[in-house]
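Asker: the following comprises the amino acid sequence and a computationally predicted model.
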There are 2 protein chains.
Amino acid sequence: MSQSLANPPPGRFIDDYLLYLLARTSHLISTEFHELLRRRGISVPVWRVLASLVGSSGETVTGLAETCLLQQPTMTKLLDRMVRDGLVKRTQDTRDRRVVRVALTARGEMMATDLVQAAKLHETEVLARHPEAEAVGIKELLRAVVARQARPRRG
Amino acid sequence: MSQSLANPPPGRFIDDYLLYLLARTSHLISTEFHELLRRRGISVPVWRVLASLVGSSGETVTGLAETCLLQQPTMTKLLDRMVRDGLVKRTQDTRDRRVVRVALTARGEMMATDLVQAAKLHETEVLARHPEAEAVGIKELLRAVVARQARPRRG
DNA sequence: AGGCGACGAATGCATTTTCATGCTAACCCG
DNA sequence: CGGGTTAGCATGAAAATGCATTCGTCGCCT
């Protein structure tokens, strides 16, 4: 029962609150890259879809929504816009006619590849800037947390 | 000797992309708590404001926006609703009449205190579930990253 | 004091997101 | 097979958000 073991700067509750620290870190670091997107006129959700589709031959709408941390109706409408803008195309799955397969168009592919390159560059900068994060293997750590946390899909 | 010296799972780009891992982790863990909020009919932004205001005698609108990772106009409108719902009150700063001080009402205070307690409980569960995160001092790590990252005050 | 630039908050409109629901196709089980 | 259930996606009205701009106040500087 000793909260004094750690060293929380006991100012605000949230400054020692894990969920807030995670959200803030994510937001703070991502914002940097998001400004690059903004300069190119690409919204964050669009970037997420593009990044999710590189190297894929077709993802489902629901799968994309989950990956991009969006709700399914939001993804449907986002895809509407991306189809309109010629970034992705929808095709019907032949085995299961309920399923819609989403894939990049040539234009989307080009844009995605380009952005992924920029993202990798940025990531390198970020890791270089925060050596202690790399030292503890932050990516492996996060992957492990995600893997364990990943929802038991019913059952 | 970890096997992760090379590229771990070269499936999708994003699965080894730091910014995505951060966002996904944050989202995945937060979602748990957000469901508790949902059951009580409280939105995430409202919760963030409440949590930001416990123990405070008055924050500015812009300050709250930054803390809650929202834009200032969004915060203004969010506060409109929270005032309407009797959770917070606005008062004019006497020293600087541009500034609006936002503070919890009695009802807001009660709700906030209650939720903070639940949040602390949940945090404990989460940390217990992910021992390796606690082992590396995840909170201290994130605090350090935020502190270093937050420096560039753009203008 | 007067003027100018910066700051803090609010506003208006367009866009996006949400929530609940509808629809079709596949599954399951008797 | 047929009826009920579930999965996958779309839709529509209402709410929230983003972006640019506006309004009022302050600081500074001469």
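Answerer: Right, received. Where do you want to start?
Asker: next, count neighbours for the nearest residue in space to residue A:14 that is not next to it in sequence.
Answerer: Leaving aside its sequence neighbours, residue A:14 sits nearest to residue A:20 (C-beta to C-beta, 6 or more residues apart in numbering or on different chains; 4.3 Å). Any C-beta I mention is one placed from the backbone N, CA and C, and that applies to glycine too. Using other C-beta atoms under 10 Å in any protein chain shown, residue A:20 has 25 neighbouring residues.
Asker: any residue of the helix or strand where residue A:20 lies touching DNA strand C?
Answerer: Assigned by DSSP states H and E, residue A:20 belongs to helix A:18-39. No: Helix A:18-39 stays clear of DNA strand C (C-beta under 7 Å from any atom of the strand), getting no nearer than 12.7 Å.
Asker: same check, this time on stretch A:65-78
Answerer: Yes: contact of stretch A:65-78 with DNA strand C (C-beta under 7 Å from any atom of the strand) involves A:70, A:71, A:73, A:74, A:77, A:78.
Asker: okay, how far is it across stretch A:54-66, tip to tip?
Answerer: Its start and end residues considered, stretch A:54-66 measures 16 Å (C-alpha to C-alpha, to the nearest Å).
Asker: same question for that stretch, mean pLDDT?
Answerer: Averaged over stretch A:54-66, pLDDT sits at 95.
Asker: and for that stretch, what's in contact with it?
Answerer: The contact list for stretch A:54-66 (C-beta atoms under 8 Å, 6 or more residues apart in numbering or on different chains) reads A:49, A:52-53, A:67, A:71-72, A:74-76, A:79, A:91, A:93, A:99-104, A:109, A:112-113, A:116, B:12-13.
Asker: need the pLDDT of residue A:148.
Answerer: pLDDT, residue A:148: 89.
Asker: swap in the one 5 residues further on?
Answerer: The predicted local confidence for residue A:153 comes out at a pLDDT of 41.
Asker: which residue ranges form the strands in chain A?
Answerer: Assigned by DSSP state E, the strands in chain A fall at A:59-60, A:88-92, A:100-104.
Asker: out of the residues of stretch A:65-78 next to DNA strand C, which end up buried?
Answerer: Those of those that meet the buried threshold are A:70, A:78, by 16 or more other C-beta atoms under 10 Å in any protein chain shown.
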